[in-house]
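**Student:** Turn this into a structure:
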Amino acid sequence: KLKRVDMNTHVCSSYFVTDIDTKKQRGELNSAKFNEPQGLTIFDHFMFIADKNNSHIKRIDLDHGTVIRCRFDLSETLNEERSFGSKQAYLAILLPDTFQLRDGNTGTWTIEDQDGFKICDGELTRYMSDQMLLDYIPRDKQVAHLKYELVICEDDKCTMMNGEVQPVNETDSIIEFVIKINQPESNTN
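**Tutor:** Modelled structure (predicted):
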């Protein structure tokens, strides 16, 4: 049940809504039913409720007491979210053939602006893909570089490496960094 509080009288009462959804799913009798309400937001005179159990978002018109189920495609929503104000930051780490990242937590990364202020940061793990999505960065942030610390290993010998890299590619939707570790010089006499 939804409860309504009259702010003038401070009286709480049950708030029943009218089902006006004409595009119900097969077997659905009343789209005003909520299985597991999880999230709630109010915009203007509409209340949006995210239903966790069946992944629906329902919109209630608070002025008229009507409810409809909002339909959306998750892949479109993710692309839309990214395009609204952020870009994806990616990282690739290129190692010599005989080297690998240390097991488990292998290091850290920090993306900073031109003034040296942190925009975002995180940890690196050995089991990264070739190109790893680090985070979403607001488009209004001016990215200067990515600082890193990582542990690389050759057999049982491990070495801490650190440095900073500039973006290798930047568009309005992505920013890409590459950390390239070269083969260390071997000392042979």
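
**Student:** can you pull the pLDDT of Val143?
**Tutor:** Val143 is assigned 92 on the pLDDT scale.

**Student:** Likewise for Val165?
**Tutor:** 95.

**Student:** got it, and Lys147?
**Tutor:** 94.

**Student:** Now do the domain split for this structure, please.
**Tutor:** With domains defined by automatic domain parsing, the chain comprises 2-71, 84-180.

**Student:** For those, could you give me CSV that also reports mean neighbour count?
**Tutor:** In this view, the C-beta of every residue, glycine as well, is placed from N, C-alpha and C. Listed next are those as CSV, based on neighbours: other CB atoms under 10 Å:
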stretch, mean neighbour count
domain 2-71, 12
domain 84-180, 15
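
**Student:** Just give me the lowest mean pLDDT stretch among those.
**Tutor:** Among the domains of the chain, domain 2-71 scores lowest, with a mean of 69.

**Student:** what's the helix or strand for Asn182?
**Tutor:** For Asn182, there is no helix or strand it lies in under DSSP states H and E.

**Student:** Count the residues that sit near it.
**Tutor:** Asn182 is flanked by 8 other residues according to other CB atoms under 10 Å.

**Student:** Correct me if wrong: Glu154 contacts Thr98.
**Tutor:** Yes - counting by CB atoms under 8 Å, Glu154 does reach Thr98; the two are 5.3 Å apart.

**Student:** mind listing what the host helix or strand of Ile57 pairs with, with the direction of each?
**Tutor:** Per DSSP H and E, Ile57 falls inside strand 56-61. Looking at strand 56-61 with DSSP bridges, its partner strands are strand 46-51 (antiparallel), strand 66-70 (antiparallel).

**Student:** Tell me how far Asp155 lies from Thr106.
**Tutor:** 16 Å (CB to CB, to the nearest Å).

**Student:** Ile49 bridge partners, please.
**Tutor:** Assigned bridge partners for Ile49, using DSSP bridges, are Leu40, Lys58.

**Student:** is it true that it touches Ile60?
**Tutor:** Yes - if you go by CB under 8 Å, Ile49 and Ile60 touch, sitting 6.9 Å apart.

**Student:** Name the single longest strand found in this structure.
**Tutor:** strand 143-154 (DSSP state E).

**Student:** In terms of secondary structure, what does the helix or strand following that one contact?
**Tutor:** Sequence order places strand 157-165 as the next helix or strand after strand 143-154, per DSSP H and E. When contacts are defined as 3 or more CB pairs under 8 Å, 6 or more residues apart in numbering; DSSP states H and E, strand 157-165 packs onto strand 143-154, strand 174-180.

**Student:** Neighbouring strands of strand 157-165 in the sheet, and parallel or not?
**Tutor:** strand 143-154 (antiparallel).

**Student:** Kindly calculate the angle that the partner strand makes with strand 174-180.
**Tutor:** Put simply, strand 143-154 runs at 40 degrees to strand 174-180, going by axes from the mean of the first three to the mean of the last three CA atoms, to 10 degrees.
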